[in-house]
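A.B. asks: Got a predicted structure plus its sequence, pasted below:
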Amino acid sequence: MLVANKDYRTIWVNDTHLPDVQIIDQRHLPHRFVVETLSTYKQMATAIKEMHLRGAGLIGVAGAFGVYLAYRDAMYRNNSVEFIQSAISEILNTRPTAVNLKWAIEIVTSRVENIEAIDEKVTKALEVAKELANLDAESCRMIGVNGLPIIEEISRKKNGETVNILTHCNAGWLAFTDYGSALSPIYHAHRKGIKVHVWVDETRPRNQGAALTTWELLNEGVPHTLIVDNVGGHLMQNGMVDLVITGADRIASNGDTANKIGTYLKALAAHDNGIPFYVAAPTSTFDFALETGLGKIPIEMRTGDEVKYINGLLNDKVVDVLICPTQTQVANYGFDVTPSRLIKAFITEKGIIAPNTDEITKLNC
């Protein structure tokens with residue numbers, strides 16, 4: 001996708017032998033574009049946990065590259081099998097809600113487990129991580145292809161007038177290797193000449209909508225408007241939203257969907273106003289072993305400082321500003337679960353999927 005008219009991915013390696021891993025460090029956006037080089041599994045684990053990168057798909061791919069770095073660390077330092085197992089466990093436990101991390105790590109480890117020589121394990125782990133990065137990008141491209149007809153149909157019903165789409169948090173290409181999930185159909189529609197406009201929730205407390213989604217849409221030339229998180233219901237009541245598309249961090253077999261905190265409230269408002277609520281996600285985000293999501297999907301609790309402080313640009317410096325009394329108690333739930341009954345359908349790389357167990361189970365065949 002485009003950054004100042006130059007194509008980028010969110011994570012990549014160069015062509016050198018057993019290379020370091022490079023990522024776009026999202027903590028600095030939208031004010032600065034910074035590329036971070038990760039040379040050890042510890043650095044990758046920190047990058048995932050401290051949200052140098054984020055988004056379900058990208059977390060999974062980063063986990064795969066983290067396993068590669070763990071094996072490379074072991075080879076360079078003549079470390080033991082126990083070191084590798086501990087390193088992989090550390091990466092796995094960085095973010096508990098997104099299922100893509102577990103999915104990707106299990107694929108890499110299963111592909112190297114029967115290889116004896118450590119240098120061959122490193123090479124294979126790198127090869128598989130690169131495969132998963134390409135798979136993630138292609139899946140997101142297909143999500144855009146499959147979601148495009150939904151926007152086209154609304155555009156036809158409006159006689160070519162602007163289609164207004166509300167999204168929550170960031171499920172664009174910054175959340176994956178490329179294209180994104182929720183934003184991929186929007187990018188495809190925009191490039192096809194369909195008039196689209198995106199309402200962007202700021203998405204407290206980390207403000208991924210304000211910092212990342214707006215930055216992406218600006219670079220892609222897609223018209224958009226930033227709103228505070230509480231505005232969506234008002235817009236829907238007044239006919240200013242045609243559809244809602246969000247991403248997902250984990251989807252249970254019955255369609256219950258975990259996503260950024262606040263998604264459930266958008267789904268409720270959409271349901272009350274007869275507005276279709278879609279979830280766009282690759283099949284790697286479906287947890288087929290989990291029958292239901294409510295009360296079952298682990299909800300990550302993050303530091304209260306993310307709520308107590310606002311991060312922004314002041315006098316050309318990025319600073320944190322305290323917005324409440326220092327002694328105030330904070331509960332910082334990272335995600336919530338939207339029941340499947342509130343979801344119109346899932347937009348996946350395999351097509352449009354109804355939110356029920358029978359249809360979702362077919363994805364795993």
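C.D. replies: Sure, I can see it.

A.B. asks: what sits against the nearest residue to T328 once chain neighbours are set aside?
C.D. replies: Once flanking residues are discounted, T328 sits nearest to K308: 6.9 Å by Cβ to Cβ, 6 or more residues apart in numbering. Where C-beta positions appear, they are placed from N, C-alpha and C, glycine not excepted. K308 is in contact with L322, I323, C324, T326, T328, V330, counting by Cβ atoms under 8 Å, 6 or more residues apart in numbering.

A.B. asks: Closest one to A98 out of the residues you listed, please.
C.D. replies: Distance to A98, by Cβ to Cβ, is smallest for V330 among the contacts of K308, at 22.4 Å.

A.B. asks: Number of residues surrounding the closest one?
C.D. replies: Counted with other Cβ atoms under 10 Å, residues neighbouring V330 total 13.

A.B. asks: G312 too?
C.D. replies: Counted by other Cβ under 10 Å, the residues lying close to G312 total 14.

A.B. asks: can you pull the alpha-carbon coordinates of the helix or strand that contains A62 into CSV?
C.D. replies: For A62, the enclosing helix or strand under DSSP states H and E is helix 56-77. Below are the C-alpha coordinates for helix 56-77, written out as CSV (Å, rounded to 0.1, in the frame of the first residue of the first chain):
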residue,chain,number,x,y,z
ALA,A,56,-4.6,-9.5,14.3
GLY,A,57,-3.1,-10.4,11.0
LEU,A,58,0.1,-8.5,11.5
ILE,A,59,0.5,-9.9,15.0
GLY,A,60,0.3,-13.4,13.5
VAL,A,61,2.9,-12.8,10.8
ALA,A,62,5.2,-11.0,13.4
GLY,A,63,4.9,-14.1,15.6
ALA,A,64,6.0,-16.3,12.7
PHE,A,65,9.1,-14.0,12.1
GLY,A,66,9.6,-14.1,15.9
VAL,A,67,10.0,-17.9,15.8
TYR,A,68,12.5,-17.5,13.0
LEU,A,69,14.5,-15.0,15.2
ALA,A,70,14.3,-17.4,18.2
TYR,A,71,15.9,-20.2,16.1
ARG,A,72,18.5,-17.8,14.8
ASP,A,73,19.3,-16.6,18.3
ALA,A,74,19.7,-20.2,19.4
MET,A,75,22.1,-20.9,16.4
TYR,A,76,24.2,-17.8,17.0
ARG,A,77,24.6,-18.4,20.7
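
A.B. asks: Kindly format the C-alpha coordinates of stretch 43-52 as CSV.
C.D. replies: Extracted in CSV, the C-alpha atoms of stretch 43-52 (Å, rounded to 0.1, in the frame of the first residue of the first chain):
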residue,chain,number,x,y,z
GLN,A,43,12.9,-7.4,20.4
MET,A,44,10.1,-9.0,18.4
ALA,A,45,8.2,-10.0,21.6
THR,A,46,8.5,-6.5,22.9
ALA,A,47,7.4,-5.0,19.5
ILE,A,48,4.2,-7.2,19.7
LYS,A,49,3.5,-6.6,23.4
GLU,A,50,4.2,-2.9,23.4
MET,A,51,2.3,-2.4,20.1
HIS,A,52,5.1,-1.2,17.9
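
A.B. asks: Would you mark the buried spots in it?
C.D. replies: Going by neighbour count (16 or more other Cβ atoms under 10 Å), the buried part of stretch 43-52 is Q43, M44, A45, A47, I48, M51, H52.

A.B. asks: Make a markdown table out of the residues you listed and add distance to I297, pLDDT and secondary structure.
C.D. replies: Formatted as a markdown table, the buried residues of stretch 43-52 follow (distance: Cβ to Cβ, whole Å; pLDDT from 0 to 100; DSSP: H, G, I helix; E, B strand; the rest coil):
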| residue | distance to I297 | pLDDT | secondary structure |
| --- | --- | --- | --- |
| Q43 | 28 | 98 | helix |
| M44 | 24 | 97 | helix |
| A45 | 22 | 97 | helix |
| A47 | 23 | 97 | helix |
| I48 | 18 | 96 | helix |
| M51 | 19 | 93 | coil |
| H52 | 24 | 96 | coil |
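
A.B. asks: Including distance to T338, could those go into JSON lines?
C.D. replies: JSON lines is the format used below for those (distance: Cβ to Cβ, whole Å):
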{"residue": "Q43", "distance to T338": "34"}
{"residue": "M44", "distance to T338": "30"}
{"residue": "A45", "distance to T338": "29"}
{"residue": "A47", "distance to T338": "28"}
{"residue": "I48", "distance to T338": "24"}
{"residue": "M51", "distance to T338": "22"}
{"residue": "H52", "distance to T338": "27"}
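
A.B. asks: follow-up on the earlier one: determine the set of other helices and strands touching the helix holding A62.
C.D. replies: On a contact count with 3 or more Cβ pairs under 8 Å, 6 or more residues apart in numbering; DSSP states H and E, helix 56-77 meets strand 11-12, strand 21-24, helix 41-49, helix 81-92, helix 100-112, helix 118-157.

A.B. asks: need these in TSV with distance to N356, can you?
C.D. replies: Formatted as TSV, the helices and strands packed on helix 56-77 follow (distance: least, Cβ to Cβ, whole Å):
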stretch	distance to N356
strand 11-12	34
strand 21-24	37
helix 41-49	32
helix 81-92	30
helix 100-112	22
helix 118-157	18
